[in-house]
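>>> Only the shape, not the letters, is given here:
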Ligand SMILES: Cc1cc2nc3c(=O)[nH]c(=O)nc-3n(C[C@H](O)[C@H](O)[C@H](O)COP(=O)(O)OP(=O)(O)OC[C@H]3O[C@@H](n4cnc5c(N)ncnc54)[C@H](O)[C@@H]3O)c2cc1C
């Protein structure tokens with residue numbers, strides 16, 4: 001039998017195949033990062049596991065690059081490729097909640113918004129990221145940091161099982177009991193091991209959260225960061241918080257004449273009893289004088305969508321990331337120099353806490369190795385105009401160069417930029433050798449290489 005042709009593929013796939021001559025090709029090849037301009041030979045619009053198997057088989061048999069796309073948010077644009085095949089899972093977004101067992105079965109192309117909306121109906125949630133358009137696929141496979149991380153851990157810590165299409169064309173059900181080595185690798189090892197057609201998560205009771213946005217003047221940067229460092233180490237685990245450098249968007253609680261000014265912001269989420277919310281956010285008023293604040297209870301999915309409008313698809317993205325075991329005075333000094341120069345309202349630097357439930361999982365228990373980190377920093381350049389590429393990437397690079405001496409060599413794989421392939425071993429440290437062994441067992445030819453690649 002010869003190699004399958006595009007016609008064979010089209011005949012086999014239920015969801016449809018889009019090639020460069022088809023209408024809708026430009027839409028189909030687009031990903032979230034507007035800087036990424038690649039022209040795949042075929043975009044397979046998968047609607048079931050059979051379609052995913054067909055796309056994977058077609059790429060393997062024809063020796064083509066294969067990109068698996070979930071939500072398409074990857075900053076380096078790993079949801080597409082040049083001249084190869086895209087298995088686009090964005091048509092697979094179903095979520096089935098079992099309120100009795102408190103679990104959800106979620107298709108591999110769902111977004112956080114799909115997941116949160118479905119679980120919220122039952123007063124349940126799983127921890128995710130902070131922008132609702134992000135795909136559960138890439139987010140979970142890399143780890144998954146969100147507002148609830150201190151109490152619920154990473155998203156991957158709440159994964160119970162997954163259905164995976166492997167490079168050799170099998171569909172495996174993977175869990176602690178079945179293919180435990182692959183299950184281990186999926187929890188942090190990113191898209192290296194197969195295409196996940198569905199994820200099963202453990203859910204936790206959560207309906208509403210108590211949210212605080214606190215804007216402080218730049219003269220208080222060091223005080224705010226020192227307070228954050230101390231407070232987040234010991235605060236109750238239902239408290240999520242992170243500092244951010246932020247140009248004030250035109251929000252109603254910020255006076256008009258301050259729109260466009262730069263601040264240090266604390267984003268606070270209390271997921272404990274609402275009546276304790278006021279007490280939980282109060283310490284952020286004591287860190288330094290607060291210029292403007294928004295403090296209110298809201299449904300958890302509303303918090304998850306809070307930043308969506310600021311970050312539409314199509315912005316240019318260039319990011320850098322690092323973990324740190326401590327937020328040293330030196331690091332704070334570096335943030336105080338570079339954070340305030342954030343060039344555009346959509347760009348930012350966030351410093352997420354890594355403690356609580358994240359630390360209760362041993363470093364070798366999942367592929368995600370940095371369980372001893374206390375902070376995950378991301379410098380996220382996001383700007384609208386390609387003409388500003390040079391200035392904005394320079395801002396990210398200079399900022400990162402200043403914090404790197406105060407950081408670990410590795411960073412969170414999902415916050416890494418396109419030029420961070422040489423940091424993959426650092427991202428996984430002692431877990432790297434086991435990841436390579438698992439890669440050899442499940443993808444010896446490295447079919448799944450459009451990612452922060454673990455080479456077999
Ligand atoms: C605006 C924005 C906000 C973000 N906020 C957060 C945050 O709060 N917390 C956080 O942890 N991360 C966050 N991220 C990072 C995010 O986790 C990564 O970009 C992640 O890779 C996105 O997953 P995706 O499915 O949307 O991306 P895609 O581009 O579709 O995929 C990313 C990678 O995962 C692989 N992949 C995706 N789905 C599957 C699947 N079903 N099976 C196998 N492989 C798959 C792809 O092959 C690719 O290598 C954010 C990113 C952006 C752009």
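Sure thing, it's come through. Every value quoted in this text rests on a predicted model; they were computed, and no experiment measured them. Numbering: from 1, shown residues only.

>>> In the stretch 301-450 of the chain, which residue sits closest to the ligand?
Of all residues in the stretch 301-450 of the chain, the one sitting closest to the ligand is residue 414 (3.6 Å; CB to the nearest ligand atom). C-beta here means a position set from N, CA and C on the backbone, and glycine is covered the same way.

>>> count of residues packed around that residue?
25 (other CB atoms under 10 Å).

>>> Let me see the backbone angles for it.
phi -80, psi -10 (degrees, to the nearest 10).

>>> OK, contacts around it?
Under the criterion of CB atoms under 8 Å, 6 or more residues apart in numbering, the contact list for residue 414 reads 138, 139, 142, 143, 144, 145, 190.

>>> Neighbours of residue 311, how many?
18.

>>> which SS state does residue 303 fall under?
Under the three-state scheme (DSSP: H, G, I helix; E, B strand; the rest coil), residue 303 adopts helix.

>>> Write out the residues of the stretch 201-350 of the chain neighbouring the ligand.
Contact residues, the stretch 201-350 of the chain versus the ligand (CB under 6 Å from any ligand atom): residue 311.

>>> Quick one: the helices in the stretch 201-350 of the chain, in order.
221-234, 277-281, 283-286, 300-304, 329-338 (DSSP state H, counting those that start in this stretch).

>>> what about stretch 305-322, how long is it end to end?
End-to-end distance of stretch 305-322 (CA to CA, to the nearest Å): 25 Å.

>>> Return the set of buried residues in it.
305, 306, 307, 311, 315, 316, 317, 318, 319, 320, 321, 322 (16 or more other CB atoms under 10 Å).

>>> Over to stretch 38-50?
38, 40, 41, 42, 43, 44, 45, 46, 47, 49, 50.

>>> Stretch 360-377 too?
Applying 16+ other CB under 10 Å to stretch 360-377 flags 361, 363, 366-371, 373-377 as buried.

>>> any chance of the buried residues of stretch 305-322 in TSV, with pLDDT and distance to residue 282 too?
Shown next, in TSV, are the buried residues of stretch 305-322 (pLDDT from 0 to 100; distance: CB to CB, whole Å):
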residue	pLDDT	distance to residue 282
305	96	26
306	95	21
307	95	24
311	96	29
315	98	35
316	98	39
317	98	36
318	98	37
319	98	33
320	97	34
321	97	31
322	95	31
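
>>> so how far is residue 139 from the residue of the stretch 151-300 of the chain found nearest the ligand?
Nearest residue of the stretch 151-300 of the chain to the ligand: residue 191, at 3.1 Å (CB to the nearest ligand atom). Using CB to CB, to the nearest Å, we find residue 191 at a distance of 11 Å from residue 139.

>>> One more: residue 239?
22 Å.

>>> roughly how far is stretch 132-148 from the heart of the chain?
4 Å (CA atoms, centre = their mean, to the nearest Å).
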